[in-house]
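Chemist: no sequence on this one, just coordinates:
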C-alpha cells in the first residue's frame, strides 16, 4: 500500500509540475542534506552549540521563506502544468537574498568569530534551503488543490465542514 501511494505522488508531480521546478526542489533538498551534515559534524566537534544551530535554522528558514518569492509559481492552462517565473518583486527579493548570502559572514561576524562563524553560516544555509523547499511544496500543493488534482488534507476538510 505504501509503495502505491509513493508511486501515485511521483506520477502526479512529474505530470503536473514543470521539470525545472522539480529539479529545483531536489537541489534544495540535497543542499539541505549537505549543509546539515556539515553542521552536525561541527556540533559533534563542539564548534557550535545546539541552540546556535536552532537559531541558525530559524534565521535561515525565515530568509528561505521570504526568498521563495523570487519565483512566482502559477498554473499554465495550456500545458496543464505548474510553472515558475520571475516578476519585478521576485527580482528585487533575489537581489536582497543574494546580498544577504554574500554578506552573512560580515553580518554574523559582529557576534560570532572563527570556526563557530563558519558552522553558523552552514546552518543558516541549511535553514534557507529548508524554508525554500517547504514554501515551494506548500505552493505546489495549494495550486494542485485549487485545480482539483489532489484533495485537500483531511484536517482542512474537517475545518471546512
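Modeler: Cool, the structure landed. Because the structure is predicted, anything quoted here is derived from the model rather than measured.
Chemist: Packing partners of the lengthiest helix in the chain?
Modeler: If each helix of the chain is counted by residues according to DSSP state H, the longest one is helix 114-146. Helices and strands in packing contact with helix 114-146 are listed as helix 19-44, helix 50-67, strand 72-76, strand 81-85, helix 88-108; criterion 3 or more C-beta pairs under 8 Å, 6 or more residues apart in numbering; DSSP states H and E. Using the backbone N, CA and C atoms, a C-beta is placed for each residue, glycine as well.
Chemist: and if we set it to 6 Å?
Modeler: If contacts are counted by 3 or more C-beta pairs under 6 Å, 6 or more residues apart in numbering; DSSP states H and E, helix 114-146 sits against helix 19-44, helix 50-67.
Chemist: Throw those into CSV and include mean pLDDT, mean neighbour count and distance to residue 119, thanks.
Modeler: Compiled in CSV, those are given as follows (pLDDT from 0 to 100; neighbours: other C-beta atoms under 10 Å; distance: least, C-beta to C-beta, whole Å):
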stretch, mean pLDDT, mean neighbour count, distance to residue 119
helix 19-44, 92, 15, 4
helix 50-67, 92, 18, 8
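Chemist: From residue 78, how far out is residue 123?
Modeler: Between residue 123 and residue 78 the distance is 42 Å, computed by C-beta to C-beta, to the nearest Å.
Chemist: higher neighbour count, the two?
Modeler: Taking other C-beta atoms under 10 Å, residue 123 and residue 78 do not tie; residue 123 has more neighbours (27 against 5).
Chemist: Setting the sequence-adjacent residues aside, check what's closest to the more buried one.
Modeler: The spatially closest residue to residue 123, leaving aside those adjacent along the chain, is residue 56, at 3.1 Å (C-beta to C-beta, 6 or more residues apart in numbering).
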